[in-house]
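Chemist: Can you look at this prediction? I've put the sequence above it.
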Amino acid sequence: MSPGALLAAADLKLAYGKRLVLEGFSIELAEGDRFALTGRSGSGKTSLLLMLAGLIAPTGGSIERKVPAVYVPQAPSLVPELSARQNAALGLRIRGVAPDAADERAREELRALGLDGVEDALPAELSGGMQQRVALARALAVDPPLLLADEPTGALDRATGARVVDLLLSRDATVVVATHDPEVAARFPRRLTVALDDKELVE
Ligand SMILES: Nc1ncnc2c1ncn2[C@@H]1O[C@H](COP(=O)(O)OP(=O)(O)OP(=O)(O)O)[C@@H](O)[C@H]1O
C-alpha cells in the first residue's frame, strides 16, 4: 500500500456461486479521494462497496484498510421505534458518546441535510428520501474517515440530491458513492465504471 493510502484492494475477485461479478480489480483510495462508481444495474457496484467496507469477503485477492469504513446501504435501515434524531444519533451512542452531545451532533447533521422540522418524526412518518437522508446523517455524524454510500441520491429529487452531494464533497472523509445518475457522478473528481461484461473496471 502506498504511503498516504487509506485502503488498497489488490486483484479482487468476487463470485456468487458460479456467477463471476468482478475479477482482477485493484484500487487504492488515498485520503480525501472522492469516487463515483457507475455502471448498469446488476453490474456489481453494491458488491464492490460491500467488499471495500469489509462486509463481504472477496473470493480472491486482498484488501488492506488503515481506517474503519462506514457503509450506507441503498435502502435505509432505521430503527422504527426511534425518531429521526435518535436514529441519526445512534452511531454516536453506540460509540459511547453522551446522549446530549450525540443529540446535538445528530441535529447538526439533520439540519445540514435539510431535515430540520422532522427531527422528532418516526421513520414511518417520513418519505423514502427523508429516511435515506436520516441514514446518511447517522453515518456522517460519526465523522467516518472512509464513507461508502450506495445510491445516496437514489430516492431524492434533483435539488435535494445536489445538496446531498455538496455535503458529501464538503467533508474531510474519503468518499465513494455508487450512483446511476450521470449528473451526480460528474461532480466527483474520480469516476469508475463497473462493467460486468468486461469483468473489470474502467476509470
Ligand atoms: N447475495 C447474492 N447472492 C447471489 N448473487 C448476488 C448477491 N448479491 C448480488 N448478486 C448478483 O451479483 C451481481 C451484482 O449485484 P450488485 O447488487 O452488486 O449490482 P449493482 O451494480 O449494485 O446493482 P444495482 O445498480 O441494481 O443496485 C448481480 O448479478 C446480482 O444478481
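Modeler: Cool, got the structure. Remember, it's a predicted structure, so these values are computed and weren't measured experimentally. Numbers count the residues shown, from 1 in each chain.

Chemist: Leaving out sequence neighbours, find the closest residue to S127.
Modeler: Computed as C-beta to C-beta, 6 or more residues apart in numbering, the closest residue to S127 that is not its neighbour in sequence is A155, at 7.7 Å. (C-beta placed from N, C-alpha, C; glycine too.)

Chemist: Around the one you found, how many other residues sit close by?
Modeler: Using other C-beta atoms under 10 Å, the number of residues around A155 comes to 18.

Chemist: That one and the ligand, how far apart?
Modeler: Distance, A155 to the ligand, by C-beta to the nearest ligand atom, to the nearest Å: 13 Å.

Chemist: Is it correct that S41 is in contact with H180?
Modeler: Yes. In this structure S41 lies within contact range of H180 using C-beta atoms under 8 Å: 7.3 Å.

Chemist: So if I had to pick from the two, which one is more boxed in?
Modeler: Shown here are S41 and H180; by other C-beta under 10 Å, H180 has more neighbours (14 against 7).

Chemist: OK, contacts around the more buried one?
Modeler: 38, 41, 151, 154 (C-beta atoms under 8 Å, 6 or more residues apart in numbering).

Chemist: so what's the third one up against?
Modeler: When contacts are counted by C-beta under 8 Å, 6+ apart, E151 touches 74, 177-180.

Chemist: would you turn those into JSON lines with pLDDT and secondary structure?
Modeler: Formatted as JSON lines, the contacts of E151 follow (pLDDT from 0 to 100; DSSP: H, G, I helix; E, B strand; the rest coil):
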{"residue": "Q74", "pLDDT": "90", "secondary structure": "coil"}
{"residue": "V177", "pLDDT": "97", "secondary structure": "strand"}
{"residue": "A178", "pLDDT": "96", "secondary structure": "strand"}
{"residue": "T179", "pLDDT": "95", "secondary structure": "coil"}
{"residue": "H180", "pLDDT": "91", "secondary structure": "coil"}
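
Chemist: Buried ones only from those residues, please, as a PyMOL command.
Modeler: The buried subset of those, as determined by 16 or more other C-beta atoms under 10 Å, is captured in PyMOL by this line:
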select buried, resi 74+177+178+179
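
Chemist: just checking: which of the contacts of E151 also lie near the ligand?
Modeler: Among those, the ones lying near the ligand by C-beta under 6 Å from any ligand atom are A178.

Chemist: which of the contacts of E151 lies closest to P144?
Modeler: Ranked by distance to P144 (C-beta to C-beta), the contacts of E151 are led by V177 at 13.3 Å.

Chemist: hang on, the closest one packs against R191?
Modeler: No. Using C-beta under 8 Å, V177 is not in contact with R191, being 10.2 Å away.

Chemist: Give me the common contacts of these two.
Modeler: Shared contacts of V177 and R191, defined by C-beta under 8 Å, 6+ apart, are found at 35-37.
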